[in-house]
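[1] please find the sequence and the predicted model below.
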Amino acid sequence: DLDDMIGGYQPGIVTIVAARPGMGKSSLLSGAANAASKAGIGAHTFSVEDRREAFADRALSSESGVSAEALRTCSMNREQMQDVGAALSRLFQRQGWLIDDRSLTANEVIRSWRRHAEKNNTKVVAIDYLQRLRKRDYRMSDFEHVSESMDLLGTWLAHDSCFENHKHEPGVLQDADHRS
């Protein structure tokens, strides 16, 4: 599995997840935060792309074993509904998974993380995705914005495991995911 291949996520090392649109970066980040929370490790997810309901759907699907599609369409049999009910109960008892889906700057991400880190026992920070963090100054180029954000976030967050979902093609930074 992934932990065996990369040796797990290490404290103090910022991990950047990069791939083409639609390759599962958000799902990987959501799964990592969900697994950390399930293990009692605090996770703080900053998502500019997905709403917290999407993370809840993924976590509920993972925890219950019921497909996300069946959850979205409410097409479940009695046994699946019981599995969802039991999974909801387990998820509600869980501590330490914060999801922030506001449009923030890199500095605001750091302030939010610092404000909640001790109470949440935050050891995992997931940012989905970096280019969509709000620019400090609208006159900044995308390159300047991403460089500054990575510098700020790397400096402040690097003492714990951090994940950044960073979409790019060689030589081209994308402002948006252009899925149809």
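    Yep, that arrived.
[2] if you average pLDDT over the host helix or strand of Leu29, what comes out?
    Per DSSP states H and E, Leu29 falls inside helix 25-38. This predicted structure assigns helix 25-38 an average pLDDT of 84.
[3] for the helix or strand following that helix, packing partners?
    Following helix 25-38 in sequence order, the next helix or strand is strand 42-47 (DSSP H and E). Counting by 3 or more Cβ pairs under 8 Å, 6 or more residues apart in numbering; DSSP states H and E, the packing neighbours recorded for strand 42-47 are helix 25-38, helix 52-64, strand 97-100, helix 106-120, strand 122-128. Using the backbone N, CA and C atoms, a C-beta is placed for each residue, glycine as well.
[4] could you redo the last one with a cut-off of 6 Å?
    With contacts defined as 3 or more Cβ pairs under 6 Å, 6 or more residues apart in numbering; DSSP states H and E, strand 42-47 has these neighbours: helix 25-38, strand 97-100, helix 106-120, strand 122-128.
[5] I'd like the ones you listed as CSV, with mean neighbour count appended.
    Written out in CSV, the entries for the helices and strands packed on strand 42-47 read as follows (neighbours: other Cβ atoms under 10 Å):
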stretch, mean neighbour count
helix 25-38, 21
strand 97-100, 20
helix 106-120, 16
strand 122-128, 25
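[6] about what we covered before: can you state the direction angle for the helix holding Leu29 and helix 106-120?
    Using axes from the mean of the first three to the mean of the last three Cα atoms, to 10 degrees, the inter-axis angle of helix 25-38 relative to helix 106-120 is 30 degrees.
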